[in-house]
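> predicted structure and sequence below. I'll ask about it afterward.
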Amino acid sequence: MRKLVSVVTGTWQRHELLLEAIENVRQQEYPNIEHVIVSDGPDVEFRRLMEQQSVWSPTIRWAELGFWSSGLFTDSVSAAPFMVAQLLARGDYWVTLADDERFLVPDAIEKLVDLLEMYGVDFVYPRVEMWRAGQPQRFVIGEPTPMHGQFTHWLAKRETLDRGGLFRTHVGSATDWDCAERMIRAGCRWMFLPEVTLSHEIHK
């Protein structure tokens, strides 16, 4: 049996996008996945959807915050759902997938896991295609030399994530970048996958 991968999704009242993200994870060929989904606040429709979706594979584990934490920010998304997910996730490995992000190929997780295990590093990250909803311009982030802002969608060992510490809610939507940078400062090693395996259509 291969190591368990926790795919972690934070969401807030974007139900159609969330359903697409769930189906996207289901299409992954990696054989051992759990999908941890946390709503940034109470949401009756979210609970209804989760009760329906949780009977399917892969395993879905979910929770909702008691208040809308992103309301504390003016132009960002709170890290609070990811902090809760970090506590809930049971996987040996962890990868984030927001509700407006998608794996582009069915073996995306497998490629990341294979790279991590082949080189014995602490985390890996690919190239990611990004664009803003409704706009035609697209750009790709991800370079071999780590720099701020390119760690979105990294896959890390659980113990590596713990070395970086809990997500910090005041960081906002850059929480994954912040955590990866803290892991590097803690001495963690990384590997880069020079392939666009994920997409992020930015919705605000």
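Received, thanks.

> from Ser78, how far out is the most centrally placed residue in the chain?
Centroid check for the chain by C-alpha atoms, centre = their mean gives Thr96 as the closest residue, at 0.9 Å. From Thr96 across to Ser78, the span is 14 Å (C-beta to C-beta, to the nearest Å). No exception for glycine: its C-beta is placed from N, CA and C like everyone else's.

> make sure Gln99 is indeed in a helix.
Careful, residue 99 is Asp and not Gln. No. Under DSSP: H, G, I helix; E, B strand; the rest coil, Asp99 sits outside any helix and is assigned coil.

> quick check: it touching Ala21?
Yes. Counting by C-beta atoms under 8 Å, Ala21 is a contact partner of Asp99 at 5.0 Å.

> name the residues contacting each of the two.
Both Asp99 and Ala21 are contacted by 9, 11, under the criterion C-beta atoms under 8 Å, 6 or more residues apart in numbering.

> which helices and strands does the longest strand along the chain pack with?
What stands out as the longest strand in the chain, according to DSSP state E, is strand 190-202. Packed against strand 190-202, as judged by 3 or more C-beta pairs under 8 Å, 6 or more residues apart in numbering; DSSP states H and E, are the following elements: strand 101-103, helix 108-119, strand 123-132.

> can you find the helix or strand of the chain with the lowest average pLDDT?
helix 175-185 (a mean of 79; mean pLDDT, DSSP states H and E).

> report pLDDT for the closest residue to Gln27 other than its chain neighbours.
Excluding the flanking residues, the one nearest Gln27 by C-beta to C-beta, 6 or more residues apart in numbering is Pro106, at 5.5 Å. According to the prediction, Pro106 has pLDDT 97.

> now do the SS call for Pro106.
coil.

> was I right to think it contacts Val25?
No. Pro106 sits out of contact with Val25 when judged by C-beta under 8 Å, with a separation of 10.6 Å.

> compare these two (neighbour count), which wins?
A count of neighbours by other C-beta atoms under 10 Å puts Val25 above the other of Pro106 and Val25, at 23 against 12.

> where are the low-confidence patches of this structure?
54-57, 70-77, 146-152, 169-174, 204 (pLDDT under 70).

> same thing but 50
The chain contains residues with pLDDT under 50 at 75.

> so what does the residue in it sticking out farthest from the centre look like in phi/psi?
Relative to the centre of the chain, and counting by C-alpha atoms, centre = their mean, the farthest-placed residue is Pro136 at 24.3 Å. Note on Pro136: its backbone torsions stand at phi -80, psi -20 [degrees, to the nearest 10].
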